[in-house]
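Q: Okay, here's the prediction I keep looking at, along with the sequence it came from:
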Amino acid sequence: MSANDSTLIASFIAGDQSSFSTLLNRYQKRVYGFIFSKVQNPDLANDIFQDTFIKVVKSLRLGKYSDDGRFLSWVMRIAHNLIMDHYRKKSRLPLHESKHNDFDILSRLIEPDDNVEFRIIESQINHDLTMLIEELPESQKEVLRMRLYKDMSFKEIGEVTGVSINTALGRMRYAVMNLRKMIEDRNLIFTQ
């Protein structure tokens with residue numbers, strides 16, 4: 001019987017390089033298939049696949065993976081984030097109307113026929129993000145919800161909340177900054 005992921009991860013962290021090779025062999029087809037389904041380009045898929053496992057190795061060595069038995073989900077989330085980064089850099093990922101914030105809509109890349117693993121990962125990301133949003137100050141939470149969930153312009157948000165457009169923009173910016181800080185503090189993986 002082959003070793004489980006947790007055993008292989010612990011062995012790799014302890015210095016056994018072959019343990020990581022076993023993990024890579026175990027999941028490479030699924031991870032590559034997921035990446036290719038999103039980018040539809042074999043060279044780009046190979047690049048993102050390599051970047052994914054480089055990030056996995058670095059994160060494992062830095063102790064940024066908490067072993068909760070969901071190694072594949074964690075790897076898939078890293079791959080997903082690298083795909084998002086690629087589209088963001090190429091300006092092909094649709095951003096919200098405003099150029100004043102950098103909060104993009106994750107769901108634009110989601111396809112209806114995505115596999116179950118991806119839907120589980122997406123669900124976990126959405127759950128984690130929702131929980132983090134709940135921790136924001138009320139004024140930031142209010143602007144974030146109006147902007148992202150109601151698709152309101154900053155002018156409309158200002159009118160509804162009784163503040164200037166600049167104040168609404170500032171609250172959105174602070175909301176995004178606070179979310180990033182919480183994500184970093186808790187070692188969650190939403191972005192590269």
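A: Structure's in. What do you need?
Q: okay, CA-based contacts and neighbour counts for the rest of this
A: OK.
Q: need the next SSE after the worst-scoring helix or strand of the chain on mean pLDDT, C-terminal direction.
A: When the helices and strands of the chain are compared on mean pLDDT, DSSP states H and E, helix 116-134 comes out lowest with a mean of 73. Next helix or strand after helix 116-134 toward the C-terminus (DSSP states H and E): helix 138-148.
Q: so how far is that following helix from its chain's centroid?
A: Mean-position distance between helix 138-148 and its chain equals 20 Å (Cα atoms, centre = their mean, to the nearest Å).
Q: same deal with stretch 159-172?
A: Distance of stretch 159-172 from the chain centroid (Cα atoms, centre = their mean) equals 27 Å.
Q: which residues sit against that stretch?
A: Residues from elsewhere that reach stretch 159-172, judged by Cα atoms under 8 Å, 6 or more residues apart in numbering: His100, Asn101, Ser139, Gln140, Val143, Leu144, Phe154, Lys155, Ile157, Gly158.
Q: Now with 6 Å, please.
A: The contact list for stretch 159-172 (Cα atoms under 6 Å, 6 or more residues apart in numbering) reads Gln140, Leu144, Phe154, Lys155, Gly158.
Q: Tell me how far the third one lies from Ile133.
A: Spelled out, it's Phe154. According to Cα to Cα, to the nearest Å, Phe154 and Ile133 sit 19 Å apart.
Q: Repeat that for the last one.
A: Separation of Gly158 from Ile133 (Cα to Cα) stands at 20 Å.
Q: So between those two, which is more surrounded?
A: The residue with more neighbours, out of Gly158 and Ile133, is Ile133; 21 against 18, by other Cα atoms under 10 Å.
Q: how about CSV for the contacts of stretch 159-172, with distance to Val75 added?
A: Output for the contacts of stretch 159-172, formatted as CSV (distance: Cα to Cα, whole Å):
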residue, distance to Val75
Gln140, 31
Leu144, 28
Phe154, 36
Lys155, 40
Gly158, 40
